[in-house]
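**Q** Generate a structure from the sequence data that follows.
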Amino acid sequence: MIIPNITTASGMILTMQDWRSLGVEEVYADLAALLTKPGYDVLKQLSPLKRYWGWQGKLTLNINQVHKIRSPFNGEKLRFSDAEIDALVAILKPDAITHEEVVRTNPAAEDAIAGLLYINEGKVSLQDTIFEKDFRVLDDNCVCEACSQGLTRAYLHHLYQATPLLCKRWLVMHNYARSSD
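**A** Okay, the predicted model is just below:
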C-alpha cells in the first residue's frame, strides 16, 4: 500500500476522509513544508498534529532539513534551532518520526493531477477531445466512488476544463483505487 505524503499537491487534493475511504491507514508529512504553511506559530498550537487534519490513522513526520528553509510562498528564509524543532515535535506528537529524506510519491495521484485516467487499456489523457462525448463510466470494473456514482469520462473531461480541482479529486480517488487492486 502506498503511503501518501499529505504535504504534497497530490496528497492535499483529498480530504482525510477520502484517504480513509480508500483504505489508507498511514500518512506521511514533511515538517519543512508545514513550517512554511501553516507556519511555526500555528504548529505550536496543534497538539496533536493529527487533530489538525482530522486524521485517526498513523502519522509519520519527516524532520529532515528543517533548520534552514526558504519559503516557496514569499522567499523568506526561516531558521530553526534543534531545541525549537525538538519542542515542536513534542507538541505535534506524531506516531513516528524520520530524519531521512524519504520521498513518498503516489504515482496514481501524480498522474491524476496531470489529467491522466487509469482505464483497462492503460493511462489516457482526460484532456484529449475524444472524451468530450464519451459517456461511458471511467471503468466498468472499478468500484471507486467516482465509478460507483456513474461519473462519465465526458463529465470528467468537462470538469477538468471548467473545475480542475474537483476533477483532480475524482481522478485521484479513481486512480488510487485502480492502482491498489
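**Q** Now do the strand or helix carrying residue 28, average pLDDT.
**A** Using DSSP states H and E, residue 28 maps to strand 26-30. Strand 26-30 shows a mean pLDDT of 92.
**Q** Repeat that for stretch 60-71.
**A** On average, stretch 60-71 scores 89.
**Q** now do the same end-to-end measure for that stretch.
**A** End-to-end distance for stretch 60-71, by C-alpha to C-alpha, to the nearest Å: 22 Å.
**Q** just to revisit the earlier point, kindly export the helix or strand that the strand holding residue 28 is followed by (C-alpha atoms) in CSV.
**A** Using DSSP H and E, the helix or strand that follows strand 26-30 towards the C-terminus is helix 31-34. Only the C-alpha atoms of helix 31-34 are listed here, as CSV (Å, rounded to 0.1, in the frame of the first residue of the first chain):
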residue,chain,number,x,y,z
LEU,A,31,7.8,19.2,8.7
ALA,A,32,9.7,21.6,6.4
ALA,A,33,6.5,22.1,4.3
LEU,A,34,4.4,22.6,7.4
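**Q** when you give positions from now on, start the count at 34
**A** Right, with 34 as the first residue, what we last looked at is helix 64-67.
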